[in-house]
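> Just need the structure, nothing else, for what follows:
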Amino acid sequence: MNVQILDTRGLKCPLPVIRARKAIKTIGNGQLLRVECTDPLAEIDIPHMVNTDGHDLIGKGKDVEVLWYLIKIVKR
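Below you'll find the predicted structure:
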């Protein structure tokens with residue numbers, strides 16, 4: 001399955017969430033989006049957005065200084 005990568009490194013809250021929501025609109029149901037962030041508030045904001053919007057957070061982690069979130073898009 002293809003994973004679309006959204007690079008929001010260097011952006012501060014709320015821009016990673018705004019950019020993720022914009023990207024999600026262009027991605028099909030069931031597809032995957034990997035959001036990469038450096039803003040420490042993304043640790044709260046991205047999972048909250050995923051939960052609020054009804055998508056599935058299927059993975060998250062940290063590579064050196066980059067936080068990443070793997071989101072399965074669920075469109076109702």
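
> Identify the residues contacting the residue nearest the centre of the chain.
In the chain, the residue lying closest to the centroid (C-alpha atoms, centre = their mean) is Val35, at 3.8 Å. Taking C-beta atoms under 8 Å, 6 or more residues apart in numbering as the contact definition, Val35 lies against Leu6, Thr8, Pro16, Ala20, Ala42, Ile46, Trp68, Tyr69, Ile71. Bear in mind the C-beta positions are built from the backbone N, C-alpha and C, glycine included.

> now do Gly61
Leu67, Trp68.

> could you redo the last one with a cut-off of 10 Å?
Leu67, Trp68, Tyr69, Leu70 (C-beta atoms under 10 Å, 6 or more residues apart in numbering).

> Secondary structure element holding the last one?
Element membership of Leu70, judged by DSSP states H and E, is strand 66-72.

> what comes up buried for that strand?
Leu67, Trp68, Tyr69, Ile71, Lys72 (16 or more other C-beta atoms under 10 Å).

> tell me which of those residues is nearest to Asp53?
Ile71 (9.3 Å; C-beta to C-beta).

> wait, doesn't the closest one sit right on Ile24?
Yes: using C-beta atoms under 10 Å, Ile71 is in contact with Ile24, at 7.6 Å.

> where exactly do the helices run in the chain?
15-25, 42-53 (DSSP state H).

> closest to Asn2 out of those helices?
Nearest of these (C-beta to C-beta): helix 15-25, 13.4 Å.
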